[in-house]
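In: This is the structure alone, sequence omitted:
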């Protein structure tokens, strides 16, 4: 019995270390961010600012661009490379005006029949008092509702951290792609450990239990495809990562282009409606 216990513990530690390694890679300070992919995958990017209600949110970048000559709308959460930029970007934690800016661009895409591509990379929506007073929860909920009804193709890509409602606010896609070392969960491993065990130090154990990595989420059909990264993470070869992502975007966009607006809406609805269903 003692031998079995030791073996089980050893397996758990190995599994935990793999999951936690992916968490660390997803948060790596040199990991490519939204603007890196915009600059390398698209041409003619023209950023649009503001939600036409309160102001602009630098945590979310949105604008018009071309993917191999095809007009698209690009929306993504943007982290900073240093303290100054992180403060400017609010550590990629959007305010409600960021989600409303994103929705403004989505409606523009629908009006002019442009596919939408979103890049998810946030620890979560900003939980500050001002954000709550300006309707943070309503802004995210509104995006979920409106994205579900969009008549154009939507491809969401989890490129780093996909945290809670902050990620879902721009994450309702016909296709959801995920980089190999990205993570996607309702809460961080530290938060999970603090709530469940009152011990943040057990974050590695939490990361394994949460099934927040790309292989787990593909198996659960939460995401549709894993985009490969170079050994050691996306930051070790940004060009190779970008090429892999661009190919995946082109392939999925081509597959969606043959669907009618009604079919796109139905496919998106059925995809998310089926998540979590228990069937034999």
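Out: Looks like it arrived, so ask away. Owing to the predicted nature of the structure, the values given are computational and were not obtained by experimental measurement.
In: going forward, measure contacts between C-alpha atoms and count neighbours the same way
Out: Fine.
In: Contact partners for residue 43?
Out: 65-69 (CA atoms under 8 Å, 6 or more residues apart in numbering).
In: Test for you: state the pLDDT assigned to it.
Out: Residue 43 carries a pLDDT score of 98 in this model.
In: That one pairs with what?
Out: residue 66 (DSSP bridges).
In: Let the chain start at 6 from now.
Out: New numbering, starting at 6: the last item is residue 48.
In: From residue 114, how far out is it?
Out: 17 Å (CA to CA, to the nearest Å).
In: ok, now residue 218?
Out: 31 Å.
In: swap in residue 153?
Out: Shown here: residue 153 relative to residue 114, a distance of 14 Å by CA to CA.
In: Which one's more surrounded, those two?
Out: residue 114 (23 against 20; other CA atoms under 10 Å).
In: hang on, that one packs against residue 76?
Out: No. Contact criterion CA atoms under 8 Å: residue 114 and residue 76 do not qualify, at 9.4 Å.
In: Give the residues shared as contacts by those two.
Out: Joint contacts of residue 114 and residue 76 (CA under 8 Å, 6+ apart) are residue 120.
In: which one of the contacts of residue 48 sits closest to residue 81?
Out: residue 70 (12.8 Å; CA to CA).
In: contacting residues for the closest one?
Out: Counted by CA under 8 Å, 6+ apart, residue 70 has contacts 47-51, 76-79.
In: For the chain, just list every one of the helices.
Out: 7-31, 39-46, 88-94, 101-116, 134-138, 141-153, 169-173, 194-202, 208-215, 219-224, 243-261, 266-278 (DSSP state H).
In: Adding distance to residue 59, write those out as TSV.
Out: Below are the helices of the chain laid out as TSV (distance: least, CA to CA, whole Å):
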stretch	distance to residue 59
helix 7-31	32
helix 39-46	24
helix 88-94	17
helix 101-116	7
helix 134-138	11
helix 141-153	13
helix 169-173	19
helix 194-202	31
helix 208-215	37
helix 219-224	36
helix 243-261	33
helix 266-278	30
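In: Looking at these, spot the one closest to residue 186.
Out: helix 7-31 (5.1 Å).
In: now the closest one: mean pLDDT?
Out: On average, helix 7-31 scores 61.
In: Please apply the same query to stretch 253-273.
Out: 97.
In: Residue 251 reaches residue 46, doesn't it?
Out: Yes. The criterion here is CA under 8 Å, and residue 251 meets it with residue 46 at 5.9 Å.
In: Next, the contact list for the residue nearest the centre of the chain, please.
Out: Nearest residue to the geometric centre of the chain (CA atoms, centre = their mean): residue 125, 2.6 Å. Going by CA under 8 Å, 6+ apart, residue 125 touches 81-82, 161-167, 172, 175-176.
In: if you set the cut-off to 6 Å instead, what comes out?
Out: Residues near residue 125 by CA atoms under 6 Å, 6 or more residues apart in numbering: 81-82, 162-164, 167, 172.
In: Repeat that for residue 40.
Out: Contacts of residue 40 by CA under 6 Å, 6+ apart: none found.
In: Would you mind listing where the stretch 6-155 of the chain has pLDDT under the threshold?
Out: 6-22 (pLDDT under 70).
In: Find me the pLDDT at residue 281, would you?
Out: So, for residue 281, pLDDT stands at 81.
In: Quick check: which ranges of the stretch 156-285 of the chain have low pLDDT?
Out: For the stretch 156-285 of the chain, the ranges with pLDDT under 70 are 283-285.
In: go with 80
Out: 282-285 (pLDDT under 80).
In: measure residue 232 to residue 165 for me?
Out: 12 Å.
In: Neighbour count: these two, which is higher?
Out: Neighbour count, other CA under 10 Å: between residue 232 and residue 165, residue 165 has more, with 32 against 23.
In: What distance do you get for the more buried one to residue 123?
Out: Taking CA to CA, one finds residue 165 at 13 Å from residue 123.
In: again with residue 73
Out: 17 Å.
In: likewise residue 54?
Out: For residue 54, the distance to residue 123 - CA to CA - is 16 Å.
In: Also residue 185?
Out: 17 Å.
In: List the beta-bridge partners for the nearest residue to the residue nearest to the centre of the chain once chain neighbours are set aside.
Out: Of all residues not flanking residue 125 in the chain, residue 163 sits nearest, at 4.6 Å (CA to CA, 6 or more residues apart in numbering). Listed beta-bridge partners, residue 163: residue 125, residue 183 (assigned using DSSP bridges).
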